[in-house]
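Novice: One predicted model, sequence on top.
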Amino acid sequence: MDLYLERTVKYTYQETYEKVGRLATSLEKQFNLKKGDRVMIFTTNIYESNVFANACARLGCVHYMMNATASVKEFS
């Protein structure tokens, strides 16, 4: 079963699960992120931003998704 289709690249649930796990481990080791920490993700709506959000959730971090294409008015 395919999870996501982007630029003709397909990702399975298993591949995504593994990517989320690897990223969560890296975030924990490199940035010492832990449960309750707050993380802002400033990106467009792409597959990788969802992997990042799920990695934060797996660690118990509170994550905020900010749309990089939003106008200044939308941020206020």
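Specialist: Arrived safely, thanks for sending.
Novice: how about residue 33, phi and psi?
Specialist: As for residue 33, its main-chain torsions (degrees, to the nearest 10) stand at phi -70, psi 140.
Novice: residues touching the residue most central in space within the chain, list them.
Specialist: By C-alpha atoms, centre = their mean, the chain has its centre lying nearest to residue 52, at 1.7 Å. Shown in contact with residue 52 (C-beta atoms under 8 Å, 6 or more residues apart in numbering): 23, 41, 43, 63. The C-beta positions use only the backbone N, C-alpha and C, and glycine is treated the same way.
Novice: so how many other residues sit close to the third one?
Specialist: Right, residue 43. Neighbourhood size, residue 43 [other C-beta atoms under 10 Å]: 16.
Novice: need the contact list for it.
Specialist: 49, 52, 65-68.
Novice: can you name the two of those residues that are farthest apart?
Specialist: Greatest spatial distance in those: 52 and 67, 13.9 Å, computed using C-beta to C-beta.
Novice: Which strand or helix spans residue 66?
Specialist: Following DSSP states H and E, the helix or strand that holds residue 66 is strand 62-67.
Novice: what mean pLDDT would you report for the helix or strand that that strand is followed by?
Specialist: With elements assigned by DSSP H and E, the helix or strand that comes after strand 62-67 is helix 72-75. Across helix 72-75, the average pLDDT comes to 73.
Novice: likewise stretch 27-43?
Specialist: 94.
Novice: switch to numbering from 28
Specialist: Yes, from this point I'll number from 28; that puts the last item at stretch 54-70.
Novice: what about the longest helix in this protein?
Specialist: Ranked by number of residues, the top helix in the chain under DSSP state H is helix 40-58.
Novice: residues of that helix that come out buried?
Specialist: For helix 40-58, a neighbour-count test (16 or more other C-beta atoms under 10 Å) marks 43, 46-47, 50-51, 54 as buried.
Novice: No further questions, thank you.
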